[in-house]
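*Asks:* My questions are about this predicted structure, shown below with the sequence.
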Amino acid sequence: MHQELAAVLALLPDERKQLVAGREFWVGHLHGQEVVAVLSRIGKVAAATTATVLLERFKVDRIVFTGVAGGLAPGVNRGDVVVADDFLQHDLDASPIFPRYEVPLYGVDRFATDPDLTGQLAAAAARALPGTHVHRGLVLSGDRFVSSSSESRALQAALPQALAVEMEGAAFAQVCHDYGVPFAAVRTVSDRADDDAHGDFLQFIEQVASRHSAAIVEAFLRAR
């Protein structure tokens, strides 16, 4: 979301804009590190395009994703943070040719994040947000804003390991897998992906999620 990007850009002293594929990429420095900040846009196709441009045009050597998600597992509550160990597309179903959730021609149904980068990101989240619950595990992605209790329960039943659900991470994970580039992702839980999910979503982005994103990114880069 724009609010999250604005909070990160406020940390950069020298950002300059480059327009590629209809997207604004902000190139600059933060704590001595060269960085490129950009909105992924919403949905898996848009996210895959953004990831590809980062890798092809800007030649980044690692990608860190921040944003929000809906909590699924018990105990993953609003305001908590989820650091992804792997991603799965909950809306991918090429059966009966391939098993449900399996990505055709890959032979897997999930893509792992980079262990070292993920560990660093989880540690940064814990440092940046003391007292906030930080969870690690499976995150689901799909081209749908999950906002009903019935759908949330169905996802929990079908994929009980899943901690949270969102709309972009699996695309980034697959593209980074293809390019062999380390990827890590952190999400602030904005809702429980139930009938109340749409409630004060934008207010949460402004007041909580954007601050979480900026704090985690700064803590992550300061430690490198």
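*Replies:* Great, that's in hand. Numbering: from 1, shown residues only.
*Asks:* Contacts only, for residue 140.
*Replies:* By Cβ atoms under 8 Å, 6 or more residues apart in numbering, the contact set of residue 140 is 72, 87, 88, 89, 90, 155, 159, 162, 164, 165, 166, 170. C-betas here are computed from N, CA, C, even on glycine.
*Asks:* List the ones among these that fall in helices.
*Replies:* With helices taken from DSSP state H, the overlap with the contacts of residue 140 comprises 155, 170.
*Asks:* can you redo the contacts of residue 140 as JSON lines with distance to residue 179 and pLDDT?
*Replies:* Converted to JSON lines, the contacts of residue 140 look like this (distance: Cβ to Cβ, whole Å; pLDDT from 0 to 100):
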{"residue": "72", "distance to residue 179": "29", "pLDDT": "96"}
{"residue": "87", "distance to residue 179": "16", "pLDDT": "98"}
{"residue": "88", "distance to residue 179": "20", "pLDDT": "98"}
{"residue": "89", "distance to residue 179": "18", "pLDDT": "98"}
{"residue": "90", "distance to residue 179": "24", "pLDDT": "98"}
{"residue": "155", "distance to residue 179": "29", "pLDDT": "96"}
{"residue": "159", "distance to residue 179": "26", "pLDDT": "97"}
{"residue": "162", "distance to residue 179": "25", "pLDDT": "98"}
{"residue": "164", "distance to residue 179": "25", "pLDDT": "97"}
{"residue": "165", "distance to residue 179": "25", "pLDDT": "97"}
{"residue": "166", "distance to residue 179": "21", "pLDDT": "97"}
{"residue": "170", "distance to residue 179": "15", "pLDDT": "98"}
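*Asks:* what sits up against the helix or strand of the chain with the lowest mean pLDDT?
*Replies:* When the helices and strands of the chain are scored by mean pLDDT, DSSP states H and E, helix 201-204 comes last with a mean of 80. Residues outside helix 201-204 that contact it (Cβ under 8 Å, 6+ apart): 68, 78, 190, 191.
*Asks:* how does it look with 6 Å?
*Replies:* With contact meaning Cβ atoms under 6 Å, 6 or more residues apart in numbering, helix 201-204 is reached by residue 190.
*Asks:* for it, which positions count as buried?
*Replies:* 201, 204 (16 or more other Cβ atoms under 10 Å).
*Asks:* Can you name the next helix or strand after it?
*Replies:* helix 210-222 (DSSP states H and E).
*Asks:* for that following helix, packing partners?
*Replies:* Judged by 3 or more Cβ pairs under 6 Å, 6 or more residues apart in numbering; DSSP states H and E, the packing partners of helix 210-222 are helix 2-9, helix 115-128.
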